[in-house]
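*Asks:* Quick one, structure for this:
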Amino acid sequence: MSRHPSDALFARIGAYGKALPGLLAWLLRKLVTGPAAYHPGAHYMRGPGPKWREKHGLQWPGAARDQWDA
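*Replies:* The predicted model follows:
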């Protein structure tokens, strides 16, 4: 039995049809809620920087001051 060429196309469309409601729900949720909340803690540089080290000096034993002045 020979199949019509459009059968494959309709099968593909049916597969997209199963995923489409979930995709539309996700998109609608993103549009309604807006962008994700800003979390400043995720964006700051962790650890003391050169100005902090200069102000406080070395606080841990065994570390040479030259290694931080590179």
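
*Asks:* show me where pLDDT drops low in this structure?
*Replies:* In the predicted model of the chain, residues 1-2, 45, 58-70 satisfy pLDDT under 70.

*Asks:* helix or strand right after the helix ranked longest in it?
*Replies:* Taking DSSP state H as the criterion, the chain has its longest helix at helix 6-33. Going down the chain from helix 6-33, the next helix or strand is helix 50-56, by DSSP states H and E.

*Asks:* And that following helix, how far out from the chain middle?
*Replies:* Here the centre of helix 50-56 is set off from its chain's centre by 32 Å, with C-alpha atoms, centre = their mean, to the nearest Å.

*Asks:* can you check stretch 28-44 too?
*Replies:* 11 Å.

*Asks:* and that stretch, which residues are buried?
*Replies:* Neighbour-count burial for stretch 28-44, counted by 16 or more other C-beta atoms under 10 Å, picks out no residue. (C-beta placed from N, C-alpha, C; glycine too.)

*Asks:* Now stretch 40-56: buried residues?
*Replies:* So for stretch 40-56, counting by 16+ other C-beta under 10 Å, buried means residue 53.

*Asks:* Quick one: end-to-end distance for that stretch.
*Replies:* Between the opening and closing residues of stretch 40-56 we find a distance of 25 Å, counting by C-alpha to C-alpha, to the nearest Å.

*Asks:* Find out how far it is from the centre of the chain, if you would.
*Replies:* Mean C-alpha position of stretch 40-56 versus that of the full chain (C-alpha atoms, centre = their mean) differs by 23 Å.

*Asks:* Equivalent analysis for stretch 24-35, please.
*Replies:* Distance, centroid of stretch 24-35 to centroid of chain: 17 Å (C-alpha atoms, centre = their mean).

*Asks:* ok, now stretch 14-30?
*Replies:* On the basis of C-alpha atoms, centre = their mean, the separation between the geometric centre of stretch 14-30 and that of its chain is 21 Å.

*Asks:* mind listing what's buried in that stretch?
*Replies:* Within stretch 14-30, not a single residue qualifies as buried, counting by 16+ other C-beta under 10 Å.
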